[in-house]
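[1] Okay, sequence plus prediction incoming.
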Amino acid sequence: EIVLTQSPGTLSLSPGEGASLSCRASQSLSSRYLAWYQQKPGQAPRLLIYGASNRATGIPDRFSGSGSGTDFTLTISRLEPEDFVLYFCQQYDTKPLTFGGGTKVEI
Amino acid sequence: QLQLQESGPGLVKPSETLSLTCSVSGGSITSNYYWVWLRQPPGKGLEWIASIGYSGNDYYNPSLKSRATISIDTSKNQFSLRVNFISAADTALYYCVRSRGIPQEDWNFDLWGRGTLVTVSS
């Protein structure tokens, strides 16, 4: 199975700063089948990005995704207070579908 | 607006069978999506369990070693999950979700239930 490694585990930043979250796959995702989710405490995750770089419906443009092969990045251009939560990546290139361990963005 | 709602027992004894149901409201389950079960152990990441289409085509995570069965009931607009031989390692928040579509490029998840906590304990 494809293992997704997210780094860093925790990112300490301030509102207004930019954030860069990494998701590395144990083998190449040939078709950029990589998604990002945001999870707030006590809530289900929300889809942010699919196809490595496509924003899901209703997602602000301060969220962007990039990457290919084994290295993918979620960038948050200007952190808002509500962005200080948990983020997961997911690959759907190969079954079983797998998720990364998560990056927590904290103040 | 389509909504998903999980229902289940909350507490299950070790070695028993876990049964969960996801009720789909505000739309038909016979549409071109995969209906999916995921789980999240306390403080950990997400794990894909199984997916099913409305025609019954299903896919499973081998990690559950054939203990899991996903099914769909189009007459009730529901889909379900059964997991046999439950152990403490199966304690998790179980989510029912919908994929964005049928093609592989859409095997990500844009609609989620609130999740139901399943605790395995004697």
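    That came through, no problem. Numbering: from 1, shown residues only, chains lettered A, B, ... in the order given.
[2] Quick check: the gap between residue B:51 and residue B:35.
    Using C-beta to C-beta, to the nearest Å, one gets 7 Å for the distance from residue B:51 to residue B:35. Just so you know, the C-beta spots here come from the backbone N, C-alpha and C atoms, and that holds for glycine as well.
[3] what do those two both touch?
    With contacts defined as C-beta atoms under 8 Å, 6 or more residues apart in numbering or on different chains, the residues adjacent to both residue B:51 and residue B:35 are residue B:99.
[4] For residue A:68, give me phi and psi.
    phi -170, psi 170 (degrees, to the nearest 10).
[5] Residue B:89 too?
    Taking degrees, to the nearest 10, you get phi -70, psi -10 for the backbone angles of residue B:89.
[6] Report how many residues lie close to it.
    Residues lying near residue B:89 (other C-beta atoms under 10 Å in any protein chain shown) number 8.
[7] Could you pull up the contacting residues of it?
    Neighbouring residues of residue B:89 by C-beta under 8 Å, 6+ apart: B:41, B:120.
[8] I'd like the distance between it and chain A.
    Taking C-beta to the nearest C-beta, to the nearest Å as the measure, residue B:89 falls 17 Å from chain A.
[9] In contact with the spatially most central residue of chain A: list those residues for me.
    Residue closest to the average C-alpha location in chain A (C-alpha atoms, centre = their mean): residue A:36, at 3.7 Å. In this structure, residue A:36 makes contact with A:21, A:23, A:47, A:48, A:49, A:63, A:65, A:74, A:87, A:88, A:89, A:90, judged by C-beta under 8 Å, 6+ apart.
[10] Go again with 7 Å.
    The contact partners of residue A:36, by C-beta atoms under 7 Å, 6 or more residues apart in numbering or on different chains, come to A:48, A:49, A:65, A:74, A:87, A:89.
[11] quick one: the first one and chain B, what's the gap?
    Applying C-beta to the nearest C-beta, one obtains 10 Å for the distance of residue A:48 from chain B.
[12] do the same with the last one
    Taking C-beta to the nearest C-beta as the criterion, residue A:89 is separated from chain B by 10 Å.
[13] ok, that residue - contacts?
    Counting by C-beta under 7 Å, 6+ apart, residue A:89 makes contact with A:4, A:6, A:23, A:34, A:35, A:36, A:72, A:99, A:100.
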